[in-house]
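structure for this input, please:
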Amino acid sequence: MKALVYTGTQELVYREEKDPLEKSGESILKVHASGICGSDMHAYHGKDDRRIPPLILGHEVSGKVQNGKFKGKDVVLNPLITCGKCEYCKKGREHLCPTRIILGMNRPIERQGVFAEYVSTPDQNIYEIPNELDKNEAPVAEPTAVALHAVLMGEDSLKKPLSECKTLIQGGGAIGLLCGLILFKIKGNKNIVLSDPNKLRLNECSKYLDAKLVSPTDKEINNNSFDIIFDTVGLEVSRQQAIEVVKPGGSIIHIGLTQPAGPFNFRKMTLQEVTVIGTYCYTNNDFAQTLKILANKDIGPLDWIEFRDLKNGGEAFKQIHTGSCVAPKIILLP
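Residues are numbered from 1 along each chain as shown. Down below sits the predicted model:
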C-alpha cells in the first residue's frame, strides 16, 4: 500500500509500505479520508516522544471495512484503544485507561496510523457512519468529540449556565473552532471571543462562527473578564494569559499540548478559586453523541474542511507549519 510516512523532524515521505495483516478481533479498513491533527504536527516538529520515526501518523479516519463482521460498511474510527477492563473503562471513563494507546503512535505500543491506503483497528473502535454524514467529512468526528468533551467538562465546573458566560477560546484551529460552534449553536453561548495570531485563519473562522475574532494581544482580552477559557493552544504564554484574564471563580479548560510546562500564577488560582481542568480525548459516549451532532448538522456545514491528496500531504504539513494554511482542518484523501 501507499502511505505518508514520518521519517524525521519535518520530514514526510510518500512511499510503499506493507499492508496490515488480519488479526483476530480486528478489521482492516480501506481508508476513505484521514485528518491532520495538532498532535501529528507535534510529531512532525520532533516534539512527541510517543511518536518516533519511521511511523505512519494519523488517527482521524473514515473507511470501508474489508473483512470481519463489519465487512462492506462505511465506518469512522474512535482511534483511542483501551483495555475495557480497568476501573476507568468500567465506569465510562475509558479515555483515562492506564493502558490506552492511539492509532499513529509507537510508544509504548506500536499502532501504525491512518495516513495510508489501509489501516487495522480493533472491532470495538468501529462506528458506522450515519447516512446523513459525508464519508469524507466523517474523520472530523474525532476532533469534534475532543471539543465536545472539553465543553461538557467546562459546563460541569461552572456555577452558572454556559449561555450566561463570557468565553475566551485561545486558538482558531479545528478544536478552537469546534469548541466555539458547540458553545454557540448547541449551548447557546453568544458572548464568545476567539483569539489567534493568524489573521487569515481568523477570517476563515468568521465565516462559520458568530464571535469576536481578535489577535491574542487585542484590548478585548482584559484581565479578570472571562467566566471560562478554552486553551486549545497549550503554550506557556497562552496559559499565562488565561490565568490573568479569568474571573474569580471562573474555569480554564486546558486542551492544548504544545508546551508541557512553564510559569503559571498559582497564587491567583488559589486566592480566587479558579478551576483549572486538563482534558484529553473523550469517552465512548462522547464519540457516539458527536456522530449524532454531525449527522443532524447541529454545528452547521463543514465547509471549513479543506481536502488534499494524501500523496501531497507533506506539503500540507509544511503549510500548517509556516502558518500559510488558513483552513482549520485539512483532510487527506488516498
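
mind telling me what element the nearest residue to residue 215 once chain neighbours are set aside is part of?
Leaving aside its sequence neighbours, residue 215 sits nearest to residue 197 (CB to CB, 6 or more residues apart in numbering; 5.8 Å). From N, CA and C alone the C-beta is placed, and that goes for glycine too. In the assignment (DSSP states H and E), residue 197 maps to no helix and no strand.

please tell me I have it right and residue 197 contacts residue 216.
Yes: Residue 197 is within contact range of residue 216, at 5.9 Å (criterion: CB atoms under 8 Å).

the residue nearest to residue 215 and residue 213, how far apart?
12 Å (CB to CB, to the nearest Å).

so for the residue located most distally from the centre of the chain, what's the pLDDT?
The outermost residue of the chain relative to its centre, with distances by CA atoms, centre = their mean, is residue 271 at 32.2 Å. Residue 271 is assigned 98 on the pLDDT scale.

do residue 200 as well
93.

do you know how far it is from residue 327?
Counting by CB to CB, the separation of residue 200 from residue 327 is 10 Å.

the more surrounded of those two?
residue 327 (20 against 14; other CB atoms under 10 Å).

what is the end-to-end distance of stretch 259-279?
End-to-end span of stretch 259-279 (CA to CA, to the nearest Å): 15 Å.

contacting residues for the closest residue to residue 137 other than its chain neighbours?
Excluding its sequence neighbours, the residue lying closest to residue 137 (CB to CB, 6+ apart) is residue 302, at 4.9 Å. Residue 302 makes contact with 134, 137, 140, 294, according to CB atoms under 8 Å, 6 or more residues apart in numbering.

please apply the same query to residue 199.
Shown in contact with residue 199 (CB under 8 Å, 6+ apart): residue 215.

how near is it to residue 241?
18 Å.

what does residue 328 give?
Taking CB to CB as the measure, residue 328 falls 21 Å from residue 241.

compare these two (neighbour count), which wins?
Using other CB under 10 Å, the more surrounded residue of residue 328 and residue 241 is residue 328, with 24 against 21.

per-residue pLDDT, the more buried one?
Per-residue pLDDT puts residue 328 at 96.

that one contacts residue 304, doesn't it?
Yes: with contact defined as CB under 8 Å, residue 328 reaches residue 304; the gap is 5.2 Å.

list the residues that contact both of these two?
With CB under 8 Å, 6+ apart as the test, residue 328 and residue 304 both reach 177, 204, 205.

of the residues you listed, which is the most crowded?
residue 177 (27 neighbours).

roughly how far apart are it and residue 209?
In terms of CB to CB, residue 177 sits 6 Å off from residue 209.

shared neighbours of these two, anything?
Common neighbours of residue 177 and residue 209 (CB under 8 Å, 6+ apart) are residue 194.

report the contact partners of residue 276.
251, 252, 254, 269.

what's the most distant pair in those residues?
Farthest pair in those (CB to CB) is 254 and 269. Separation: 12.0 Å.

what about those two, which has more around it?
residue 254 (21 against 15).

give me the neighbour count for residue 247.
Residue 247 has 17 nearby residues by other CB under 10 Å.

same question, residue 107
Neighbour tally, residue 107, other CB under 10 Å: 12.

residue contacts, residue 157?
228, 251, 253, 275, 277.

helix/strand/coil for the first one?
The three-state label for residue 228, taken from DSSP: H, G, I helix; E, B strand; the rest coil, comes out as strand.

that one against residue 249, yeah?
No: using CB under 8 Å, residue 228 is not in contact with residue 249; the gap is 10.5 Å.

more crowded one of these two?
residue 228 (25 against 13).

residue 195 contacts residue 216, correct?
Yes: if you go by CB under 8 Å, residue 195 and residue 216 touch, sitting 4.6 Å apart.

which one's more surrounded, these two?
Shown here are residue 195 and residue 216; by other CB under 10 Å, residue 195 has more neighbours (23 against 16).

do you know how far the more buried one is from residue 327?
For residue 195 relative to residue 327 (CB to CB), the value is 18 Å.

all helices of the stretch 51-200 of the chain, in order?
87-90, 141-157, 174-181, 199-206 (DSSP state H, counting those that start in this stretch).

and residue 127, which of those helices is closest to it?
Nearest of the helices of the stretch 51-200 of the chain (CB to CB): helix 141-157, 7.9 Å.

rounded mean pLDDT for that closest one, please.
The model assigns helix 141-157 a mean pLDDT of 98.

buried ones in that helix?
Neighbour counts over helix 141-157 (16 or more other CB atoms under 10 Å) mark 141-155 as buried.

which among the residues you listed gets closest to residue 114?
Closest to residue 114, out of all of the buried residues of helix 141-157 and judged by CB to CB, is residue 142, at 10.1 Å.
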